[in-house]
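A.B. asks: Got a sequence here, can you model it:
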Amino acid sequence: MTNETVRIYDEKAADYAAMTDDYNTEDPHLSAFIDAVPKGGHVLDLGCGPGMAAARMVATGLSVDAVDASSSMVNLANGRQGVTARQASFDQIEGAAIYDGVWANFSLLHAPRGDFPRHLAALHRALRPRGAFFIGMKLGTGEGPDRLGRFYTYYSEDELTELLADAGFTITGRRHGNAPGLDGTPSDWIALASHA
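C.D. replies: Residues are numbered from 1 along each chain as shown. Prediction:
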């Protein structure tokens, strides 16, 4: 994730929290992810943002490692009941077989294309056998800044599913949609559920 992307999230953290609060509390993908993780399991919320998903996971009894590159997002997340978040980049995710699930909800789309396979490999390694993995991404081609200056990398559905398969993931579900992001621009997106 670029420094400029982190800076924008630091500045817009409150706006992002207001925009996503209801979505995260009612998200059917999050409900399915929680159901796919063993009761009391240990999960990684990669790019936790203001912590709504992490708080919901904690409330169901999961042990949540919530991380975000934005210090403002981490501060907001730490204000939620039961959430302990820390500042970390994608490159700081290490370890083997330590998580029962990884929730990567529209976070890895900020990784440069050349780094994406390495990040997927690290997440697969960090998951226990058959650990749950959820990823949300915007669909499209190319990479570059949005209207706010945040860096994005876009993938086709075929390209994304191939990259997940190459990293060792087995896709178990998918859903498509279209919604405006923080910059107000509607985007096609895909949500993929899988396991290690």
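A.B. asks: helices and strands around the least confident helix or strand in the chain by mean pLDDT, which ones?
C.D. replies: Using mean pLDDT, DSSP states H and E, the weakest-scoring helix or strand in the chain turns out to be helix 3-25, at a mean of 85. Using 3 or more Cβ pairs under 8 Å, 6 or more residues apart in numbering; DSSP states H and E, the elements in contact with helix 3-25 are helix 52-59, helix 71-78. C-betas here are computed from N, CA, C, even on glycine.
A.B. asks: Looking at those, which one is packed in the most?
C.D. replies: Counting by mean count of other Cβ atoms under 10 Å, helix 52-59 has the highest mean neighbour count of the helices and strands packed on helix 3-25, with a mean of 23.
A.B. asks: Dump that one to CSV, restricted to CA.
C.D. replies: What follows is helix 52-59, C-alpha atoms only, in CSV (Å, rounded to 0.1, in the frame of the first residue of the first chain):
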residue,chain,number,x,y,z
MET,A,52,-16.8,-3.0,12.7
ALA,A,53,-16.1,-6.5,11.3
ALA,A,54,-13.5,-7.2,14.0
ALA,A,55,-16.0,-6.2,16.7
ARG,A,56,-18.7,-8.4,15.2
MET,A,57,-16.3,-11.3,15.1
VAL,A,58,-15.2,-10.7,18.7
ALA,A,59,-18.8,-10.6,19.8
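A.B. asks: Strands of this structure, start to end?
C.D. replies: For the chain, the strands defined by DSSP state E occupy 42-46, 63-68, 85-87, 99-105, 127-138, 143-145, 151-153, 170-180, 186-195.
A.B. asks: which one of those strands lies closest to residue 13?
C.D. replies: Among the strands of the chain, the nearest to residue 13 by Cβ to Cβ is strand 63-68 (9.4 Å).
A.B. asks: buried stuff in the closest one?
C.D. replies: Buried residues in strand 63-68, counted by 16 or more other Cβ atoms under 10 Å: 64-68.
A.B. asks: Name the nearest of the residues you listed relative to residue 126.
C.D. replies: Residue 126 has its nearest neighbour among these in residue 65, at 9.7 Å by Cβ to Cβ.
A.B. asks: For that closest one, give me its contacts.
C.D. replies: Applying Cβ atoms under 8 Å, 6 or more residues apart in numbering, we find residue 65 in contact with 42-45, 99.
A.B. asks: Ranking by neighbours, what's the top pick from the residues you listed?
C.D. replies: Counting by other Cβ atoms under 10 Å, residue 45 has the largest number of neighbours within the contacts of residue 65, with 29 neighbours.
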